[in-house]
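1. this one's structure only:
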């Protein structure tokens, strides 16, 4: 693999591949900072919001995306008031639609009904409110793969696009706090390592998370790292709480012990009818958040069981968090502070 190089924070010389951190065998300062933050939010907002399909395949025109009163700052203000310390945006979900103007790419906000660079607005709002910013990027992408297939390996052309787009995000926003990659079993171990190192070359202290997905998370509850989610700095539990006895971050992978915190990534929407065990991530007509008491209990269980909580929020087609959701979150805030 060619050596990756960029300027490290506070350094005048490029960061060479040999200097890029690997998953940690002990509690590093970066992981300690992540653990101290404890509570973050994610935002599922993309083409899926406008089609009502969590599994949107990117078959609709880019102009379908058209928020009428986009206010990213409202998202972050609500999160800040709730007590969240970091925030993660679906920069590209499985539809292939990008929330920034990606170079040489025609399925993004620049080709849509609302050309606002949501990624830029998101990062700016996070800086304003003192919330650490992060990105989500989905490997599964029927729009660019030409078919909807959960398991087929990605082709070389699309893998090149993945590298280009992650480079765009992390070269524009150096020192990004967090990067979540989803459906990582579609790329090879060598490709996962390449993406891990690419991200770290721009942001050495970035928490890189390769999602284990729903059923894997329910099965292992953070006790192991799935091979198809390696390398990763944190074990992500999709729609899954940590084990009742608490998470032990000393996790063994292929005979070597690593220090790997656990993060429960919890959607707050109603059940998703095409996949009943899972709750909805995206807003759709009729969307109603789970009760405040349920969300507050998830928060308490994560805090009590030595895990971070990444709570998902769902802006609607206006481009704002619905007032009903905001009211529920205010009640959550009162409950977790009481």
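-> Nice, thanks for sending it over. Just so it is clear, the structure is predicted and the values come from calculations on it, not from any experiment.
2. check the secondary structure at the residue sitting nearest the centre point of the chain for me.
-> By CA atoms, centre = their mean, the chain has its centre lying nearest to residue 136, at 3.4 Å. Under DSSP: H, G, I helix; E, B strand; the rest coil, residue 136 falls in the strand class.
3. give me the pLDDT for it.
-> We have a pLDDT of 98 for residue 136.
4. spit out the contact partners of it.
-> By CB atoms under 8 Å, 6 or more residues apart in numbering, the contact list for residue 136 reads 42, 88-93, 180, 182. In this view, the C-beta of every residue, glycine as well, is placed from N, C-alpha and C.
5. now, which of those sits nearest residue 324?
-> residue 42 (19.2 Å; CB to CB).
6. tell me how many other residues crowd the closest one.
-> Residue 42 sits with 26 neighbouring residues when counted by other CB atoms under 10 Å.
7. same check on residue 304?
-> Using other CB under 10 Å, residue 304 has 11 neighbouring residues.
8. next one: residue 73
-> Residue 73 has 16 nearby residues by other CB under 10 Å.
9. if I look at it, how far off is residue 291?
-> 27 Å (CB to CB, to the nearest Å).
10. ditto for residue 216
-> Taken as CB to CB, the span from residue 216 to residue 291 is 27 Å.
11. what's the answer for residue 96, then?
-> 34 Å.
12. ok, for residue 183, nearest residue in space, not its chain neighbours?
-> residue 140 (3.9 Å; CB to CB, 6 or more residues apart in numbering).
13. okay, strands next: where are they in the protein?
-> Ranges of strands within the chain are 6-7, 14-15, 39-43, 86-92, 132-138, 178-182, 207-210, 235-238, 250-253, 256-259, 262-267, 308-313, based on DSSP state E.
14. residue 223: which of those strands is closest?
-> Nearest to residue 223 among these is strand 250-253 (7.3 Å), distances taken as CB to CB.
15. in this structure residue 266 contacts residue 298, no?
-> Yes: counting by CB atoms under 8 Å, residue 266 does reach residue 298; the two are 5.3 Å apart.
16. overlap in contacts, the two.
-> 241, 309, 311.
17. which among the residues you listed gets closest to residue 234?
-> Distances from residue 234 to these, taken by CB to CB, are shortest for residue 309, at 12.4 Å.
18. what is the burial count for that closest one?
-> 23.
19. and the residue nearest to residue 183, what's its pLDDT?
-> In this model, residue 140 carries a pLDDT of 98.
20. hang on, isn't it packed against residue 94?
-> Yes: here residue 140 reaches residue 94: they are 4.8 Å apart, a contact under CB under 8 Å.
21. ok, which stretches of the chain are helices?
-> Applying DSSP state H to the chain gives helices spanning 29-37, 47-51, 72-82, 118-129, 142-145, 156-172, 189-202, 214-220, 292-304, 323-337.
22. spit out the contact partners of the closest residue to residue 89 other than its chain neighbours.
-> Nearest non-adjacent residue to residue 89, counting by CB to CB, 6+ apart: residue 122, 4.8 Å away. Residues in contact with residue 122 (CB under 8 Å, 6+ apart) are 43, 72, 75-76, 87, 89, 99, 133.
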